[in-house]
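**Q** Next comes the sequence, and after it the predicted model I'd like to discuss.
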Amino acid sequence: MLARASVAARSAIASAHGAPARSMSGLVDRLTALVPEKQAEKKAVLAAHGDKVLGNVTVSQAYGGARGVQCMVWDTSLLDAEEGIRFRGHSIPELQEKLPKAPGGDEPLPEGLIWLLLTGELPTAEQAKEVTEIMHQRAALPDHVEPMIRAFPKSMHPMTQFSSAVLALQTESKFAQAYKNGVHKTEYWKHTLEDVLDLMAKLPRVAALIYRNTYHDGTIADYDSSLDYSANFNRMLGFNDTNFDELMRLYLTIHSDHEGGNVSAHATHLVGSALSDPYLSFSAGMNGLAGPLHGLANQEVLDWILELQRTFAERNVEVSPETVRDYTWETLNAGKVVPGYGHAVLRKTDPRYTCQREFALKHLPDSELFKIVSSVFEVVPDVLTEHGKTQNPWPNVDAHSGVLLMNYGMTENTYYTVLFGVSRAMGVLSQLFWDRALGMPIERPKSLTTEWIKNKFD
Ligand code: CMX
């Protein structure tokens, strides 16, 4: 049932808030034990290898977006150009196999992933459930955030709303408060952890309010702490299909982290390095995710596919390898990128694409849009190779996600990057916790002028 405003929701969350404190001790206890171990490990690595050379930087790399420059430590995930992402050492198929699932479900619970990203250890079903409880306990929004979202013009892009709402939540920062009170730097991680968990917990309701207010009548379902993170999020968005719940679990898991150099991760890490609290840092990351070459590509892909469908209908042509090939060339000849294809690091099909394709084959094999996505997959890599500029002609995560969301009735593609953002929080905030625990310093690479480069090498 949908209810206006959030009074009922707030009381539902508040009663979850009063749940026994024992439910959060496992994760915090585990991290409390791990922090000194990892601090010692960092010290030992620096003592043994601190003067080893990771690589040289060429002038091309300095002009070329620092591609391939190895100068950051990011423990939650690692990207291999050929194989794709591993989260704390586990590939996506391994996560699908090893992470706890919802009763009767096949896809991993993102709550289990949060445990894995934070601790580096695969959780038991009990531990994943504990994270679900932690999320429910911390989900209540401060009073000023919901009216602020409701006051935004519907024409404001959902990512602008999302980033602004995260900034508005910053009034709740326990790190900022502790810092103001003069907390000792060895205690930073404890307050950062509070913010990291609070923020992950609050994002679904923020995101759902944006969705309901921008595209619907503003009503939003009561918060239901009897459900897992993804199913409750779907109910608040207004969807009540258990297959969509499965998709949401998969979606939130695979978009969470992609090592540290991508724009959203790096921006969060960079801003956090100034000891800006997790709210300020994550909001910065979301401003980067909102760029069309990064997270907004999921919105662009669907525009491209729907435009293809419209154009073909107007021209009265069938979707076939030849027609999709011609359409792709039209895009390239117009000086535009083919959204959803290419990657700064990957050189093969993104396994995040592959697992979404498998989901589609299982749940929506007859969808017309899925058939278009499959035809595009057959043709575009060849066209991009022939075009000759792209270093990686293969599809990335964004090439598939929109068609799955459309299938379950989420047709508003300008919203899609917000879902990416809710997921991305899990990776970048887990790493931000470790940045604080390991005492990572303020980030400050050296820049050079063109004049300096010419003087040195001419
Ligand atoms: N369509 C057309 N041209 C492309 C292309 C694509 N899909 N991918 C790369 N190119 C072009 C680049 O624009 C660049 O052209 P210029 O030399 O004229 O600048 C050239 O090929 C070389 O680029 P690259 O080294 O292969 O790729 P980059 O590391 O510079 O960029 C990326 C990577 C993702 C920005 C790029 O592939 C792209 O724009 N893809 C489409 C947008 C997209 O899907 N982004 C989402 C990525 C995943 C994510 O972050 O969410």
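**A** Arrived safely, thanks for sending.
**Q** Assign a three-state SS to the closest residue to the ligand within the stretch 101-250 of the chain, would you?
**A** The ligand sits closest to Met159 of the stretch 101-250 of the chain, with a gap of 13.0 Å, by C-beta to the nearest ligand atom. Backbone N, C-alpha and C define where each C-beta goes, glycine included. Put simply, Met159 is helix when judged by DSSP: H, G, I helix; E, B strand; the rest coil.
**Q** repeat for Thr385
**A** Applying three-state DSSP: Thr385 is helix.
**Q** Report pLDDT for the residue nearest to it when sequence neighbours are not counted.
**A** Nearest residue to Thr385, sequence neighbours excluded (C-beta to C-beta, 6 or more residues apart in numbering): Pro393, at 4.9 Å. Note for Pro393: predicted pLDDT of 98.
**Q** Now do the contacts for Pro393.
**A** 341-342, 380-385 (C-beta atoms under 8 Å, 6 or more residues apart in numbering).
**Q** thinking again about what came up before, once you drop chain neighbours, what's closest to the residue of the stretch 101-250 of the chain closest to the ligand?
**A** Once flanking residues are discounted, Met159 sits nearest to Ala290: 3.9 Å by C-beta to C-beta, 6+ apart.
**Q** With Phe370 instead?
**A** Spatial nearest neighbour of Phe370, chain neighbours left out: Ala360 (4.8 Å); criterion: C-beta to C-beta, 6+ apart.
**Q** in what helix or strand does the nearest residue to Pro123 once chain neighbours are set aside lie?
**A** Closest residue to Pro123 apart from its sequence neighbours, by C-beta to C-beta, 6+ apart: Trp115 at 3.8 Å. Using DSSP states H and E, Trp115 maps to helix 110-119.
**Q** What helices and strands are in contact with that helix?
**A** Using 3 or more C-beta pairs under 8 Å, 6 or more residues apart in numbering; DSSP states H and E, the elements in contact with helix 110-119 are helix 25-49, strand 84-87, helix 125-137, helix 229-237, helix 242-254, helix 416-437.
**Q** Using JSON lines, lay out those together with distance to the ligand and mean neighbour count.
**A** Formatted as JSON lines, those follow (distance: least, C-beta to the nearest ligand atom, whole Å; neighbours: other C-beta atoms under 10 Å):
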{"stretch": "helix 25-49", "distance to the ligand": "28", "mean neighbour count": "13"}
{"stretch": "strand 84-87", "distance to the ligand": "11", "mean neighbour count": "23"}
{"stretch": "helix 125-137", "distance to the ligand": "25", "mean neighbour count": "21"}
{"stretch": "helix 229-237", "distance to the ligand": "20", "mean neighbour count": "25"}
{"stretch": "helix 242-254", "distance to the ligand": "11", "mean neighbour count": "24"}
{"stretch": "helix 416-437", "distance to the ligand": "7", "mean neighbour count": "26"}
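**Q** Serialize those to JSON lines and add fields for mean pLDDT and distance to Leu296.
**A** What follows is those, written out as JSON lines (pLDDT from 0 to 100; distance: least, C-beta to C-beta, whole Å):
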{"stretch": "helix 25-49", "mean pLDDT": "97", "distance to Leu296": "33"}
{"stretch": "strand 84-87", "mean pLDDT": "98", "distance to Leu296": "20"}
{"stretch": "helix 125-137", "mean pLDDT": "97", "distance to Leu296": "26"}
{"stretch": "helix 229-237", "mean pLDDT": "98", "distance to Leu296": "19"}
{"stretch": "helix 242-254", "mean pLDDT": "98", "distance to Leu296": "16"}
{"stretch": "helix 416-437", "mean pLDDT": "98", "distance to Leu296": "5"}
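**Q** Could I get the contacting residues of the closest residue to Asp106 other than its chain neighbours?
**A** In space, and not counting its chain neighbours, Asp106 is closest to Glu246: 6.6 Å by C-beta to C-beta, 6+ apart. By C-beta under 8 Å, 6+ apart, the residues touching Glu246 are 102, 105-107, 359, 363.
**Q** Please work out which residue of this structure is closest to the ligand.
**A** Closest approach between the chain and the ligand, counting by C-beta to the nearest ligand atom: Gly342, at 2.1 Å.
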